[in-house]
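Colleague: using only what follows, build the 3D model:
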Amino acid sequence: MAPPPMILESVWLDKCRVEDAEVKYHEKLASQHAGLVVESSGGACSSSNLVSEIARARQNIQSSLNTDGVGLKVGVAVPDSGVSSQRFEEIEKENKLLKKVTEDLRADVSKLFARVAALEKAAGTPQVNGVNEEAVEADDDDDDEDLFGDTDDEDAEELAKIKAERIAAYDAKKAKKANIDCQI
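Modeller: As a prediction, the model looks like this:
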C-alpha cells in the first residue's frame, strides 16, 4: 500500500530551511531599496532571529538619533543643505511684513470709523448701513398685508378677553372642587 501524497510533501519537514530562505529573500529586497542598512541574520533557524532583529532596530534608532540630518535615518542620512533654513527665514520675513500690513489696515479702519462718526454727528441724523434712520422709518408703511399670520391689535384684545374668561372659569371650577374636598 502506497502512502498518501501529502505525506511525501517536504515543505513542513524542512520548515527551518524554508524560513531561512524567506529571510534571505527579504534581506536581499531590503538591501536593494535606497541604501537601507541590513544585516544578515546568519541563516540559523532559532529564537535568536527575533533577538537579532530587535538589536538591528535598536542600532538603527541609535544611529538615526546620533546623525546630523533631517528626519529619521533608515540607512541613509538626509543632509541639511541649508535650503530649509533659508526658506524658514523667508517665511519669517513674510510673516513680519504681513503683520505690519495688518496693523496698518487696522489703523486705517479705526480712522475711517472715527471719520464716519464725525460725519454722522455733523449731519445730525445717525445712519444705519449708509441710510438715514428717518428714511427707514418712512419706508415701514408696507404693513398692509399680513404674510405670516401675525395678529393685529384688535385680535390681540379678543384673545386677551378669551384668555381672561377661560382663567376665570378655571378658577371657579377649582374653587368648587376645593369646597367639595373640604366637605368630605
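Colleague: neighbours around Tyr170, how many?
Modeller: 10 (other CB atoms under 10 Å). C-beta here means a position set from N, CA and C on the backbone, and glycine is covered the same way.
Colleague: any idea how far it is from Leu29?
Modeller: 89 Å (CB to CB, to the nearest Å).
Colleague: what do you get for Leu65?
Modeller: 26 Å.
Colleague: so where is this protein shaky, pLDDT-wise?
Modeller: Filtered on pLDDT under 70, the chain yields the residue ranges 1-3, 5-13, 33-48, 68-82, 125-152, 181-184.
Colleague: which residues in it form strands?
Modeller: Taking DSSP state E as the test, the strands found in the chain are 127-128, 131-132.
Colleague: which residue ranges form the helices in this structure?
Modeller: 15-32, 48-66, 83-123, 133-138, 153-183 (DSSP state H).
Colleague: the third one packs against which elements?
Modeller: Read that as helix 83-123. Using 3 or more CB pairs under 8 Å, 6 or more residues apart in numbering; DSSP states H and E, no helix or strand is in contact with helix 83-123.
Colleague: let's number from 13 now, not from 1
Modeller: Sure thing, new numbering starts at 13, so read that last one as helix 95-135.
Colleague: picking up where we left off before, what's the closest of the helices of the chain to Pro16?
Modeller: Proximity to Pro16 (CB to CB) singles out helix 27-44 among the helices of the chain, at 19.8 Å.
Colleague: put the alpha carbons of the closest one into CSV.
Modeller: Extracted C-alpha coordinates of helix 27-44, given in CSV (Å, rounded to 0.1, in the frame of the first residue of the first chain):
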residue,chain,number,x,y,z
LYS,A,27,10.5,24.3,7.8
CYS,A,28,13.8,25.7,9.1
ARG,A,29,15.3,25.7,5.6
VAL,A,30,12.2,27.5,4.1
GLU,A,31,12.2,30.2,6.8
ASP,A,32,15.9,30.8,6.3
ALA,A,33,15.3,31.2,2.5
GLU,A,34,12.5,33.6,3.2
VAL,A,35,14.7,35.7,5.5
LYS,A,36,17.5,35.9,2.9
TYR,A,37,15.0,36.9,0.2
HIS,A,38,13.6,39.7,2.3
GLU,A,39,17.1,40.9,3.3
LYS,A,40,18.0,41.0,-0.4
LEU,A,41,14.9,43.0,-1.2
ALA,A,42,15.6,45.4,1.7
SER,A,43,19.2,46.0,0.6
GLN,A,44,18.1,47.0,-2.9
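Colleague: picking that back up, reformat the helices of the chain as TSV; add distance to Pro16.
Modeller: What follows is the helices of the chain, written out as TSV (distance: least, CB to CB, whole Å):
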stretch	distance to Pro16
helix 27-44	20
helix 60-78	33
helix 95-135	66
helix 145-150	99
helix 165-195	95
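Colleague: got a list of what Ile174 touches?
Modeller: The contact partners of Ile174, by CB atoms under 8 Å, 6 or more residues apart in numbering, come to none.
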